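K.L.:
got a predicted structure here, sequence first:
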Amino acid sequence: MSFNNCRCLIQQISYKQDRVLGLCSRGVYVTKKQKLSYFQMPATRKVFTLAMVRKTNSLLLGLKKKGFGEGKWNGFGGKVEKDETVSEGAVRELEEESGLVAKCLRKIGILEFEFAGDPVLLEVHVFDVTHYEGEPVETEEMLPQWFPEDGIPYDQMWPDDILWYPLYLKGTKFKGYFLYQGHDTILEYTLTQVEHLP
Ligand SMILES: Nc1nc2c([nH]c(=O)n2[C@H]2C[C@H](O)[C@@H](COP(=O)(O)OP(=O)(O)OP(=O)(O)O)O2)c(=O)[nH]1
């Protein structure tokens, strides 16, 4: 375990006799005495998939009709279940949410999301899908629609999307970390191009 699991905002205040060292990304004030035990506590990690479906110069997005991310346009995906691999989860979620059956998946990114005050870290594996069978259909969760690559509705999407879509669209693999306050504000982030992904 390392201290990297916890990222501190520079917000130093005094707290009783002990000195508060920072406000952890999980929204908890950390004192010197608490530092070791708290910083060594890893976030609960949940693994998700996100399938990006593409054809020439167009991208298929779905309007999320309910649940997490409701009202936002996004790729298709969800939680990976215990008895499946990440790729199997990506294929299953894409079919459940859009009716499409992926014939070829290429992993293009890994994104991590934390929300201040929430101990859960979301690990999202992003896949490019250019070969598939079927036609997109509206499902309980998503309303699919094709968008031209130069007309992506970023103002109705997660705020991080406008940062990493350009890498995805030019075929660059990437890794990113985003710390959110609520669902609309990015407090801090890192985004890097990588050669290989696990
Ligand atoms: N583009 C984008 N996608 C995101 C972000 N954060 C985030 O979780 N996602 C993706 C990952 C998943 O594909 C999806 C969330 O999955 P979900 O909550 O719908 O999962 P699920 O269908 O298994 O959940 P459930 O409703 O069945 O409980 O949103 C983000 O900031 N940007």
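P.N.:
Happy to help now that I have it.
K.L.:
secondary structure element holding residue 68?
P.N.:
Remark: residue 68 resides in no helix or strand, with elements defined by DSSP states H and E.
K.L.:
right, I mislabeled it, should have said residue 51
P.N.:
If you go by DSSP H and E, residue 51 is part of strand 44-55.
K.L.:
give me the neighbour count for the nearest residue to residue 156 once chain neighbours are set aside.
P.N.:
Closest residue to residue 156 apart from its sequence neighbours, by CB to CB, 6 or more residues apart in numbering: residue 73 at 5.4 Å. The way it works is simple: take the backbone N, C-alpha and C, and place the C-beta from them, glycine included. The tally of other residues near residue 73 (other CB atoms under 10 Å) stands at 23.
K.L.:
same question, residue 145
P.N.:
Neighbour count of residue 145, defined by other CB under 10 Å: 14.
K.L.:
that one pairs with what?
P.N.:
residue 61 (DSSP bridges).
K.L.:
kindly report the same for residue 191.
P.N.:
Beta-bridge partners for residue 191, by DSSP bridges, are residue 176.
K.L.:
that one and residue 174 touch, don't they?
P.N.:
Yes: using CB atoms under 8 Å, residue 191 makes contact with residue 174 at a distance of 6.3 Å.
K.L.:
tell me which of these two has more neighbours.
P.N.:
residue 174 (19 against 15).
K.L.:
go ahead and confirm the more buried one touches residue 108.
P.N.:
Yes: Residue 174 is within contact range of residue 108, at 7.3 Å (criterion: CB under 8 Å).
K.L.:
now for these two: what residues contact both?
P.N.:
Taking CB atoms under 8 Å, 6 or more residues apart in numbering as the contact rule, the neighbours common to residue 174 and residue 108 are residue 168.
K.L.:
surely residue 125 is in a strand?
P.N.:
Yes: residue state for residue 125 (DSSP: H, G, I helix; E, B strand; the rest coil) corresponds to a strand.
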